[in-house]
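> Got a predicted model here, sequence first, then my questions.
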Protein chains: 2
Amino acid sequence: MVVNAYMVDGVRTMGPMRMSFDERLGSHLKRVEQELTTAKTAAVKPAGLTVPQYAALFVLAEQPGISAAELARRCLVTPQTMTTILRNLEAAALIERTPHPLHRHVIETRPTPAGRKALDQADERAVSVERRLAAAFSQDELDTLRKLLARVSETLTSDPVLGS
Amino acid sequence: MVVNAYMVDGVRTMGPMRMSFDERLGSHLKRVEQELTTAKTAAVKPAGLTVPQYAALFVLAEQPGISAAELARRCLVTPQTMTTILRNLEAAALIERTPHPLHRHVIETRPTPAGRKALDQADERAVSVERRLAAAFSQDELDTLRKLLARVSETLTSDPVLGS
DNA sequence: AGAGATTAATCAGAGCTCTGATGGTCGTCA
DNA sequence: TGACGACCATCAGAGCTCTGATTAATCTCT
């Protein structure tokens, strides 16, 4: 237990009784996602990549020449965000961008050899994080967790009041 | 199924067989967390708040006078990030910051009446998101989900290779 | 062929988030 | 008392993320 020498105020004021953070599914999801991001960030960092850059390279390695818009959809980010990510990848010479031979307004993006190398390096460590994580659960538990998460997703995206 | 009129390249190149995104727990967690963030962002927006601002105000309402450092810990962000959030809240006159009477290097932060009002407004809608979400599950399922998420968290933070 | 819808790319701007670095304040202990 | 360590606050810089808006190319349908 940390005793904070500068603790300044423990007084509670009367007010509306709110739902505590701990009751909220969102808190737990946020914490877990953040911890996972931290672990993955550390995993891909030796390869000189960020997590979003790793995700983009991953998709690019399987589908070289894909458009930035399509890449954004696969990586679950907006096209504007993908533009930012690609700008940094291109500056690091990990991808190449060339106009599409037929559709002039489409730009094809491909990983460079250096990009593939960085991806391989990052992927090995990222997968090891996933494997260690999965090893903490039985197959049944993993299935259950996936199903429950899928239900959360459905609830959020189908409810007209909540999601899209 | 969306047919992309601009689909540019479906050719797959041979390469290392990687773990697919769908197999990765991280993908599911990321997607769900992102959807939840989207829903919460929409929920607190009418109150003129962002999700991090809402979280900060929430803690501040329960513990007015808390230091920025302590606030950062409760909100699971770094002190630097909290500085950014507080700067925006102060600019919007939703919080007040005054030097601590005893410890000159500590600054006490408190919500203004406008801040409390915005919080109340945001909280109502944020809680409704949580309630609708929870309503999609039985009590048993919620417990299971929480336990599984807790195990993910433990695995990530206790494993010396992964977390801290 | 032309109008309108759709898609791609990207700029602008705001906000959150991190790491790294700095300077100041306070408590502890030799 | 003075050195040291812990902690607070915050600047600097990089990167990701979103919404909103613009420009251009392509497709579809009349």
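Received, thanks.
> near DNA strand D, anything from the helix or strand hosting residue A:32?
Residue A:32 belongs to helix A:25-44 when assigned by DSSP states H and E. No - remark: helix A:25-44 sits outside contact range of DNA strand D, by Cβ under 7 Å from any atom of the strand, the gap being at least 9.0 Å. For every residue, glycine as well, the C-beta is placed using N, CA and C.
> Give me the contacts around stretch A:73-92.
Under the contact criterion Cβ atoms under 8 Å, 6 or more residues apart in numbering or on different chains, stretch A:73-92 has outside partners A:48, A:50, A:52-53, A:55-57, A:59, A:66, A:68-69, A:71-72, A:95-97, A:109, A:115, B:30-31, B:34.
> residues of the longest helix belonging to chain A that come out buried?
Longest helix in chain A, counting residues (DSSP state H): helix A:113-134. Across helix A:113-134, burial judged by 16 or more other Cβ atoms under 10 Å in any protein chain shown covers A:115-116, A:118-119, A:121-123, A:125-126, A:129-130, A:133-134.
> Could you list the low-pLDDT ranges of chain A?
Residue ranges of chain A with pLDDT under 70: A:1-15, A:159-164.
> who in it is up against DNA strand C?
Within chain A, the positions near DNA strand C by Cβ under 7 Å from any atom of the strand are A:5, A:34, A:67-70, A:79-80, A:83, A:86, A:97, A:105-107.
> go with 6 Å
A:5, A:67-70, A:79-80, A:83, A:105-107 (Cβ under 6 Å from any atom of the strand).
> and those residues, which two are the farthest apart?
Farthest pair in these (Cβ to Cβ) is A:5 and A:105. Separation: 61.1 Å.
> before we move on, the earlier item: mind checking which of the contacts of stretch A:73-92 are in helices?
Among the contacts of stretch A:73-92, DSSP H puts A:52-53, A:55-57, A:59, A:68-69, A:71-72, A:115, B:30-31, B:34 in helices.
> returning to what we had before: now the buried residues of helix A:113-134 in CSV, with distance to DNA strand D?
Listed next are these as CSV, based on distance: Cβ to the nearest atom of the strand, whole Å:
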residue, distance to DNA strand D
A:115, 13
A:116, 18
A:118, 13
A:119, 14
A:121, 16
A:122, 12
A:123, 16
A:125, 17
A:126, 15
A:129, 17
A:130, 18
A:133, 20
A:134, 23
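> Specify which member of the residues you listed is nearest to residue B:152.
Closest approach to residue B:152 among the buried residues of helix A:113-134 (Cβ to Cβ): residue A:133, at 6.7 Å.
> Quick check: that closest one vs residue B:117, distance?
For residue A:133, the distance to residue B:117 equals 42 Å [Cβ to Cβ, to the nearest Å].
> For stretch A:35-55, buried residues please.
A:35-40, A:43-44, A:47, A:49-55.
> Give me the number of neighbouring residues for residue A:153.
By the measure other Cβ atoms under 10 Å in any protein chain shown, the count of residues near residue A:153 is 17.
> what residues are up against it?
Contacts of residue A:153 by Cβ under 8 Å, 6+ apart are B:28, B:31-32, B:35.
> 10 Å - rerun?
Residues in contact with residue A:153 (Cβ atoms under 10 Å, 6 or more residues apart in numbering or on different chains) are A:163, B:28, B:31-32, B:34-36.
> Between all of those, which two are at the greatest distance?
Using Cβ to Cβ, the pair of the contacts of residue A:153 lying farthest apart is A:163 and B:28, separated by 16.2 Å.
> Can you classify residue A:153 by secondary structure?
Here residue A:153 is helix, with the state taken from DSSP: H, G, I helix; E, B strand; the rest coil.
> How much space separates it from residue A:29?
According to Cβ to Cβ, residue A:153 stands 11 Å off from residue A:29.
> one step back: quick check: angle from the helix holding residue A:32 to helix B:25-44?
For helix A:25-44 against helix B:25-44, the angle by axes from the mean of the first three to the mean of the last three Cα atoms, to 10 degrees is 130 degrees.
> what packs against helix A:25-44?
Using 3 or more Cβ pairs under 10 Å, 6 or more residues apart in numbering or on different chains; DSSP states H and E, the elements in contact with helix A:25-44 are helix A:51-62, helix A:113-134, helix A:139-158, helix B:25-44, helix B:51-62, helix B:113-134, helix B:139-158.
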